[in-house]
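Participant: Below: sequence and its predicted model.
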Protein chains: 2
Amino acid sequence: MSIHNSARALTSEFGAIVGAGNVLTDRAQLLPYVTDWRGRYVGNALCVVRPGNSAETAAVVRLCAQSNTPIVTQGGNTGLCGASVPDQTGSAIVLSMTRMRSVRALDLANNTICVEAGCVLAHVQQAAATAERLFPISLAAEGSCTIGGNIATNAGGVQVLRYGSMREQVLGLEVVLPDGRIWNGLRGLRKDNTGYDLKHVFIGAEGTLGVITAAVLKLYPRARQQVTAWASVANPADAVTLLQALREHVGERVTAFELVSHFCLELVLKHIPGVRDPLTDACSWYVLIELSDESNTTPLAAGLEHCLERAYEQQWVTNAAIAESGAQAQAMWSLREHISEAQRLEGANIKHDVSMPLSHIAAFIETGQQRVSQAFPGARLVVFGHVGDGNVHYNVSAPLGQDTRGFLASAPAVNRVVHDLVHEHGGSISAEHGIGQLKRDELPRYKSALELDLMRTLKRAWDPHNIMNPGKVL
Amino acid sequence: MSIHNSARALTSEFGAIVGAGNVLTDRAQLLPYVTDWRGRYVGNALCVVRPGNSAETAAVVRLCAQSNTPIVTQGGNTGLCGASVPDQTGSAIVLSMTRMRSVRALDLANNTICVEAGCVLAHVQQAAATAERLFPISLAAEGSCTIGGNIATNAGGVQVLRYGSMREQVLGLEVVLPDGRIWNGLRGLRKDNTGYDLKHVFIGAEGTLGVITAAVLKLYPRARQQVTAWASVANPADAVTLLQALREHVGERVTAFELVSHFCLELVLKHIPGVRDPLTDACSWYVLIELSDESNTTPLAAGLEHCLERAYEQQWVTNAAIAESGAQAQAMWSLREHISEAQRLEGANIKHDVSMPLSHIAAFIETGQQRVSQAFPGARLVVFGHVGDGNVHYNVSAPLGQDTRGFLASAPAVNRVVHDLVHEHGGSISAEHGIGQLKRDELPRYKSALELDLMRTLKRAWDPHNIMNPGKVL
């Protein structure tokens, strides 16, 4: 049988499992599934297969295992490192999980929700809110990214400081293994010490070890109070000091602590209509602070005001505004949330999603400015991020007047300067976006040979024929 | 060379690595190292080797790998499932980590501490307190158990409800692998998505995959306020309802929520001098509640009082006492903490450390009472535990008058009844104590063949010669 015919036969067998209407082969139909969110990678696929339940998923994977067909599992396809799209050979299938989107169970006494992999993050947030609970993972793509993708990439976002990453929200998993068997690890237990905790191997593995089909997630008491402030600080070191002081006084009520450089604010004020600077005097750096409390009787705003006054006396902050309404709070968040778009409107930029110990943030930012300026004169730094958990989005914008293509060609050299510095500070070259194909070839420079060896040994042990998202991560 | 001579040669080579004084071979010296904490297992060993640093540990492991010598890593030897003692063949070494007890680094801005595996838990708590921080893992053996053992068994304790288990406290690990290589994964990062998160495979693996030599642990803001209460409830279902109501009103300030049956209280009042019942009227069940707050300005006691009043109106609690001093709080905790001892003084008992979704606790306790009474007439249930995280210590005491030996002989049958019921409720047969050798043979009854297969594949991939704590867990 020719390759062409065998592909056609395989496609028809997939159709027999999931229904012919759920197998896409037309190039125009495939295109959105083989193109990554940033449009940087355009691959090819044998077909897109859309299973409707775990048994169908298992049958598809079994067929792939028998025919040695690579599987690229995909949720909302909003990943930023190209992990959810296939390479250009056209030998892989895209396994799209978006039909598996039910909430299987909601257990209020246990504070858990069991959802299928294709559930959109915002729907899970909504299901929790309807039950007067909180599901705390929140990020820009929440309206289209899926829980399966969030788990496979260990998604982060703005509330990690308080609640941890996606990994910390997962109590149990259901996974289809590379040979098509279904592992039912859907436990709702907060304490379980009965052998290796296998779920953690699949979480963050970017689809290279199995297909996540469902998960049991933690829910939390919802917040009854929130207070938001925008403060100016002289430098990142003062921001870190302010965070320490805040946490000492109000503890884990600090749900967000975002750093914004003055240049970021300038870009937003320049490109985004309808926004305004909450403070009257310009400063080099700002922080956006959000406190939340499950109790509505605690003096949350007064506590923040007290902390900020004390910080002003200590000269850790130079000025601050506390939002007096939901609309004012939203206006502050709007400044933070529009940085990426403003930066795009300004022109080409090279992005870095890095993290490091909080104690290193200030030195990293200072030395980074020097090294980048020296190596790429005129390059403009767009520095912001979830500094409360050590995560900085450290982006480099083209010098004024330089053409986009020319600047983007220097991306590998820029990455080298930035990531080498991150590594010197004990940091990570991918805080929350993962490795995918984008950073795969950089990984061996920063990860020890021994650690890569352990990862490869594990991959070979569980996916000996390398059919799960080959060429990603490792 | 005879086996005897080869053992002697090996011992002398260990001495060349760690110093002859740190290799113990005398049977009397070995005894405490080969006997488990409960005195249930008495094994034998080639020798005890006590390395002073990671390089020595690696050299010892390398030598074991070359000579195919099994390694039983041991911390404080306070484990409850026999994981930290060798079998009776005398072929293994005990690798005692207690000389490696330094605090390598304390990073206040990053809220992390880096400690060696042999650090005693209480010392880490103390180091955190001295730095005005909290290290939240707290359990009965904290004065002698070590951080390495806490990590290897994913220790729990009374504050898991708020802070999670040991696993959640670990940001980075240093591990000597079965071939003697050292993996330096000592990161202090709260966000890092650069490949498989290998530390989670070693955490809770009970020494079967490598030797943990050091760890980076999270620290938290310390509590500035604490309030403790003792409340009576009609049944476990009301206790769960009360917990939900509390969490809804004061959120994660609930740091402990312990269930105590009336029989437990009776045993403590009978056997422990100087304790007293905080309430005047007897009830079937009690809960010990502790709230903590990092802020000293929030009305914590008033909040608890309000919640308890509301619960009284709703008839979820029948009576309650709020501690009005540290001494009163300590007296309440003393009741809870003396249950194990009182139970021992009462006579033989068969212990179960189980967990399940909170929504199942009440039904489990009710059905358990029926099944145990039916199968073992007169057996008395000693039920207490960290019900806030679903963990129940479900112990069965001998019927009055039955001799100890006779009752303990029925342990396998009792375990079967209890663990089968736990399994029916989606629970775990080991919430926080691990598997070790005690529950190894029970595991295949409750864990799917597929999951055990994944675990074995992983074990074979990373420890192909099975020298790391063989015969434990799997």
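Facilitator: Received it, and whenever you're ready, just let me know what you need.

Participant: Would you confirm that A:Thr35 contacts A:Val85?
Facilitator: Yes - using CB atoms under 8 Å, A:Thr35 is in contact with A:Val85, at 6.5 Å. Using the backbone N, CA and C atoms, a C-beta is placed for each residue, glycine as well.

Participant: quick one: which of these two has more around it?
Facilitator: The neighbour comparison of A:Thr35 against A:Val85 (other CB atoms under 10 Å in any protein chain shown) goes to A:Val85, with 27 against 16.

Participant: what comes up buried for the longest helix seen in chain A?
Facilitator: Ranked by number of residues, the top helix in chain A under DSSP state H is helix A:358-375. Buried residues in helix A:358-375, counting neighbours by 16 or more other CB atoms under 10 Å in any protein chain shown, are found at A:358-362, A:364-365, A:368, A:372.

Participant: avg pLDDT for that helix?
Facilitator: Averaged across helix A:358-375, the pLDDT comes to 97.

Participant: Closest one of the buried residues of helix A:358-375 to A:Val422?
Facilitator: A:Phe364 (7.0 Å; CB to CB).

Participant: Okay, and the closest residue in space to A:Ala20 that isn't next to it in sequence sits in which element?
Facilitator: Excluding the flanking residues, the one nearest A:Ala20 by CB to CB, 6 or more residues apart in numbering or on different chains is A:Ser12, at 7.9 Å. Element membership for A:Ser12 (DSSP states H and E) is helix A:3-18.

Participant: Give the other helices and strands that the longest helix of chain A contacts.
Facilitator: helix A:236-250, strand A:380-385, strand A:391-397, helix A:411-424 (3 or more CB pairs under 8 Å, 6 or more residues apart in numbering or on different chains; DSSP states H and E).

Participant: Now mean pLDDT, distance to A:Val317 and mean neighbour count too, for the ones you listed, in TSV please.
Facilitator: Below are the helices and strands packed on helix A:358-375 laid out as TSV (pLDDT from 0 to 100; distance: least, CB to CB, whole Å; neighbours: other CB atoms under 10 Å in any protein chain shown):
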stretch	mean pLDDT	distance to A:Val317	mean neighbour count
helix A:236-250	94	6	21
strand A:380-385	95	17	23
strand A:391-397	95	20	24
helix A:411-424	97	27	17
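
Participant: Adding distance to A:Ala131, write the ones you listed out as CSV.
Facilitator: Output for the helices and strands packed on helix A:358-375, formatted as CSV (distance: least, CB to CB, whole Å):
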stretch, distance to A:Ala131
helix A:236-250, 27
strand A:380-385, 32
strand A:391-397, 30
helix A:411-424, 40
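
Participant: all strands for the stretch 151-300 of chain A, in order.
Facilitator: Under the criterion DSSP state E, counting those that start in this stretch, strands of the stretch 151-300 of chain A are mapped to A:170-176, A:182-185, A:211-218, A:220-221, A:225-233, A:254-261, A:285-293.

Participant: Redo the ones you listed as CSV? Include mean neighbour count, mean pLDDT and distance to A:Leu452.
Facilitator: Shown next, in CSV, are the strands of the stretch 151-300 of chain A (neighbours: other CB atoms under 10 Å in any protein chain shown; pLDDT from 0 to 100; distance: least, CB to CB, whole Å):
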stretch, mean neighbour count, mean pLDDT, distance to A:Leu452
strand A:170-176, 24, 98, 23
strand A:182-185, 20, 98, 25
strand A:211-218, 27, 98, 23
strand A:220-221, 20, 94, 36
strand A:225-233, 22, 97, 39
strand A:254-261, 23, 96, 32
strand A:285-293, 26, 97, 37
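
Participant: Chain B: which of those is closest?
Facilitator: strand A:220-221 (4.6 Å; CB to the nearest CB).

Participant: Where does A:Ala122 sit, in terms of helix or strand?
Facilitator: Counting by DSSP H and E, A:Ala122 is part of helix A:121-130.

Participant: Okay, buried residues for that helix please.
Facilitator: Of all the residues in helix A:121-130, those buried under the rule 16+ other CB under 10 Å are A:121, A:123-125, A:127-128.

Participant: hmm, back to that, make CSV out of the strands of the stretch 151-300 of chain A and add distance to B:Arg405.
Facilitator: Output for the strands of the stretch 151-300 of chain A, formatted as CSV (distance: least, CB to CB, whole Å):
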stretch, distance to B:Arg405
strand A:170-176, 40
strand A:182-185, 40
strand A:211-218, 43
strand A:220-221, 48
strand A:225-233, 60
strand A:254-261, 57
strand A:285-293, 56
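
Participant: In TSV: those strands, plus distance to chain B.
Facilitator: Putting those into TSV (distance: least, CB to the nearest CB, whole Å) gives the following:
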stretch	distance to chain B
strand A:170-176	9
strand A:182-185	6
strand A:211-218	9
strand A:220-221	5
strand A:225-233	10
strand A:254-261	9
strand A:285-293	7
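
Participant: Can you name the residues bridging to A:Leu291?
Facilitator: A:Val227, A:Val254 (DSSP bridges).

Participant: surely it meets A:Gln226?
Facilitator: Yes - contact criterion CB under 8 Å: A:Leu291 and A:Gln226 qualify, at 7.0 Å.

Participant: Can you pull the residues that touch both of the two?
Facilitator: Shared contacts of A:Leu291 and A:Gln226, defined by CB atoms under 8 Å, 6 or more residues apart in numbering or on different chains, are found at A:255, A:300.

Participant: Next, find the distance separating the most centrally placed residue in chain A from chain B.
Facilitator: Geometric centre of chain A, nearest residue: A:Ala155, 3.7 Å, by CA atoms, centre = their mean. Separation of A:Ala155 from chain B (CB to the nearest CB, to the nearest Å): 9 Å.

Participant: hang on, the earlier thing: next SSE downstream of the helix holding A:Ser12?
Facilitator: With DSSP H and E, the next secondary element past helix A:3-18 is strand A:23-24.

Participant: Let me know the pLDDT of A:Val387.
Facilitator: We have a pLDDT of 87 for A:Val387.

Participant: Any residues of the stretch 201-350 of chain A in contact with chain B? List them.
Facilitator: A:201, A:203-205, A:209, A:220-221, A:240-241, A:244, A:247-253, A:293-295, A:297-299, A:302-303, A:306 (CB under 8 Å from any CB of the partner chain).

Participant: Go ahead and name everything in contact with stretch A:24-34.
Facilitator: A:11, A:42-48, A:50, A:74, A:77, A:85-86, A:94, A:96.

Participant: just the buried members of those residues?
Facilitator: Counted by 16+ other CB under 10 Å, the contacts of stretch A:24-34 give A:11, A:43-48, A:50, A:74, A:77, A:85-86, A:94, A:96 as buried.

Participant: So which of those belong to strands?
Facilitator: Cross-referencing these against strands under DSSP state E gives A:47-48, A:74, A:94, A:96.

Participant: any chance of those in CSV, with distance to chain B too?
Facilitator: What follows is those, written out as CSV (distance: CB to the nearest CB, whole Å):
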residue, distance to chain B
A:Cys47, 28
A:Val48, 26
A:Gln74, 18
A:Val94, 22
A:Ser96, 23
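
Participant: of all those residues, which two lie farthest apart?
Facilitator: So for those, where distance means CB to CB, the most widely separated pair is A:Cys47 and A:Gln74, at 12.6 Å.

Participant: Give me the common contacts of these two.
Facilitator: A:Val94.

Participant: For A:Arg445, the count of nearby residues, please.
Facilitator: Around A:Arg445 there are 11 residues (other CB under 10 Å).

Participant: For it, which residues are in contact?
Facilitator: A:419, A:423.

Participant: following the helix or strand encompassing it, which helix or strand comes up?
Facilitator: In the assignment (DSSP H and E), A:Arg445 maps to helix A:443-446. Remark: after helix A:443-446, the chain's next helix or strand is helix A:449-462, criterion DSSP H and E.

Participant: quick one: contacts of that next one?
Facilitator: By CB under 8 Å, 6+ apart, helix A:449-462 touches A:177-178, A:201, A:208-210, A:443-444, A:466, A:473-474, B:177, B:181, B:183, B:185, B:195-196, B:198, B:201, B:454, B:457-458, B:460-462.
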